[in-house]
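In: Okay, predicted coordinates and the sequence, questions at the end:
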Amino acid sequence: MALSIAPVEPVDPDLPDHPTIVHALIAKAARDPDAVAAWCGDAEIAWRDYRDAVAALARRLQAAGANGGRIALVMRNGLEVIVAAMAGMAAGAQVAPMNFNYPPKALVPLAEDVEATI
């Protein structure tokens, strides 16, 4: 199933000269909170809900020690994966996406190679 993300216009000019992708998400959610941010099959998520889900998971990741660390992201394709990836970045971590279809024995060395802390 293909995952699709809605296009984002240029970010708010009041943001810093080099805003992060997290800043772009926050700005878009403020401008168009009810617009569809992403969809996968019949499921979709509005910008406001995307922002709120990212913020909630980012807080949990920070509490788990993600800030400044690396996260191994092993998930099936879906709306949850874009929330998790953005939350990792919002928590201050580097995100290393990994193929969900790999057997666990193959994922362990990959996570070790990227020095994942979570």
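Out: It's in.
In: From residue 83, how far off is residue 56?
Out: 9 Å (CB to CB, to the nearest Å). (Glycine included, C-beta is placed from N, CA and C.)
In: so when I look at residue 72, I'm seeing a helix, right?
Out: No. Read with DSSP: H, G, I helix; E, B strand; the rest coil, residue 72 is strand and lies in no helix.
In: burial count for it?
Out: Residue 72 is flanked by 20 other residues according to other CB atoms under 10 Å.
In: Pull the contacting residues for it.
Out: By CB atoms under 8 Å, 6 or more residues apart in numbering, the contact list for residue 72 reads 96, 98, 107, 110, 111, 114, 116, 118.
In: Swap in 10 Å and give it another go.
Out: 88, 95-98, 107-108, 110-118 (CB atoms under 10 Å, 6 or more residues apart in numbering).
In: Show me which pair in those is furthest apart.
Out: 88 and 108 (19.2 Å; CB to CB).
In: and residue 61, what does it touch?
Out: 67, 69, 71, 84, 87-93, 95, 118.
In: Quick one: distance of the helix or strand where it lies to the chain centre.
Out: Using DSSP states H and E, residue 61 sits in helix 47-63. Computed by CA atoms, centre = their mean, to the nearest Å, the chain-centroid distance of helix 47-63 equals 9 Å.
In: Residue 98 bridge partners, please.
Out: Beta-bridge partners for residue 98, by DSSP bridges, are residue 74.
In: Quick check, pLDDT for it.
Out: If you check residue 98, the pLDDT there is 89.
In: Residue 39 in helix, strand or coil?
Out: strand.
In: Can you tell me how far residue 32 is from residue 82?
Out: Going from residue 32 to residue 82 by CB to CB gives 17 Å.
In: Which one of those two is surrounded by more residues?
Out: When residue 32 and residue 82 are compared for neighbours, residue 82 comes out ahead with 20 against 16, by other CB under 10 Å.
In: For my notes, confirm that one occurs in a helix.
Out: Yes. Counting by three-state DSSP, residue 82 is found in a helix.
In: Which residue is the nearest non-sequential neighbour of it?
Out: residue 38 (5.6 Å; CB to CB, 6 or more residues apart in numbering).
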